[in-house]
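Asks: Quick one, what's the 3D model for this:
(one chain, ligands or ions: 1)
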Amino acid sequence: MFVLVNLKTYPCDPVDVAEAVRDVDETTDARLAVAPQAAHLERVAETGAETWAQHVDPIDYGSNTGHTLAETVAEAGATGTLINHSEHRQKLADLDGAVRAARRADLETVVCANNPAQIGAAAALGPDAVAVEPPELIGTGTPVSQADPDVVEDAVEAARNVDRNASVLCGAGISTGDDVVAAADLGAEGVLLASGVAKADDPEAALEDLVAPL
Ligand code: G3P
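Replies: Residues are numbered from 1 along each chain as shown. Presented below is the predicted three-dimensional model:
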């Protein structure tokens, strides 16, 4: 299972969380990675934790003030990027451009989507993985894998109808090992989570709990 921890703009110490991700990754067969804010990428990557960006824009080098260039993210040490997170939606054409930009910079991609229909569209863009996250469950602590199992199963089916090898993650409210196991049982190959780790008093203990049953 892939456990991808998105730090959003939570007021946690990104280096502390990254060190916990790195240390727990060494104790498990699961794959752990952390996605800090763009300004923290370099410091986080220096910890040795697998580091992802939260977003890249569909741009190339040039006149793009305020945008995030995939190559710069890669130079800062990221090896992958989220695209189209529910809190940073892109239009379809821009989403396609962002996947292409990430690929150009050799970044692995996870394209997020709200529901199975959007997952099918996202999978058609050829990312490395897609992630279904019902927005109404994000940040609630109510796990999608237990509260809305159909959305995960339907997302897996929608993605596999487009690409039979599609890799599907799920996210929203995931915070325990049981939630991760439930996600795996529904066909997800990973989970995307944030508050369960970024807002935890002890992020390392939260991560240990997440991977314990794997
Ligand atoms: O990117 C992960 C995310 O949107 C889920 O957030 O806080 O429900 O784990 P959370």
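
Asks: and the helix or strand bottoming out on mean pLDDT in the chain, what does it pack onto?
Replies: Lowest mean confidence among the helices and strands of the chain (mean pLDDT, DSSP states H and E): helix 144-147, at a mean of 87. The contact analysis (3 or more CB pairs under 8 Å, 6 or more residues apart in numbering; DSSP states H and E) places helix 144-147 against helix 149-162, strand 168-171, helix 177-185. Quick note: C-beta positions are derived from backbone N, CA and C, even for glycine.

Asks: Let's see that with 6 Å instead.
Replies: In this structure, helix 144-147 makes packing contacts with helix 177-185, judged by 3 or more CB pairs under 6 Å, 6 or more residues apart in numbering; DSSP states H and E.

Asks: Give me the contact list for the least confident helix or strand of the chain.
Replies: By CB atoms under 6 Å, 6 or more residues apart in numbering, the residues outside helix 144-147 that reach it are 134, 137, 152, 170, 172-173, 179, 182-183.

Asks: Same check on stretch 164-177?
Replies: Residues contacting stretch 164-177 (CB under 6 Å, 6+ apart): 123, 129-134, 137-138, 140-144, 152, 155-156, 159-160, 183, 188-193, 196, 209-210, 212-213.

Asks: repeat for stretch 204-213
Replies: With CB under 6 Å, 6+ apart, stretch 204-213 has contacts from 3, 20, 24, 28, 30, 176-177, 180-181, 196-197, 200.

Asks: Can you say which of those residues are buried?
Replies: 3, 20, 24, 28, 30, 176, 180-181, 196-197, 200 (16 or more other CB atoms under 10 Å).

Asks: Name the residues of this protein found near the ligand, please.
Replies: Residues of the chain found near the ligand (CB under 6 Å from any ligand atom) are 6, 85-86, 133, 138-139, 171-174, 192-196.

Asks: now with 5 Å?
Replies: Contacts of the chain with the ligand, taken as CB under 5 Å from any ligand atom, map to 6, 138-139, 171-173, 192-195.

Asks: Could you report the pLDDT at Leu95?
Replies: Leu95 is assigned 96 on the pLDDT scale.

Asks: That one: what's it in contact with?
Replies: By CB under 6 Å, 6+ apart, Leu95 lies in contact with Asn84.

Asks: so is it in a helix, a strand, or just coil?
Replies: helix (DSSP: H, G, I helix; E, B strand; the rest coil).

Asks: That one and Pro143, how far apart?
Replies: 26 Å (CB to CB, to the nearest Å).

Asks: same question, Glu108
Replies: On the measure of CB to CB, Glu108 and Pro143 end up 25 Å apart.

Asks: go on, Ala102?
Replies: 28 Å.

Asks: For those two, work out which one has more neighbours and name it.
Replies: Ala102 (28 against 25; other CB atoms under 10 Å).

Asks: can you give me the strands in this protein?
Replies: 2-6, 31-35, 52-53, 80-83, 108-113, 129-132, 168-171, 190-193 (DSSP state E).

Asks: Columns mean pLDDT and distance to Cys12 on top of these, output as JSON lines?
Replies: Output for the strands of the chain, formatted as JSON lines (pLDDT from 0 to 100; distance: least, CB to CB, whole Å):
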{"stretch": "strand 2-6", "mean pLDDT": "98", "distance to Cys12": "10"}
{"stretch": "strand 31-35", "mean pLDDT": "98", "distance to Cys12": "10"}
{"stretch": "strand 52-53", "mean pLDDT": "98", "distance to Cys12": "16"}
{"stretch": "strand 80-83", "mean pLDDT": "98", "distance to Cys12": "17"}
{"stretch": "strand 108-113", "mean pLDDT": "98", "distance to Cys12": "21"}
{"stretch": "strand 129-132", "mean pLDDT": "98", "distance to Cys12": "21"}
{"stretch": "strand 168-171", "mean pLDDT": "97", "distance to Cys12": "18"}
{"stretch": "strand 190-193", "mean pLDDT": "97", "distance to Cys12": "13"}
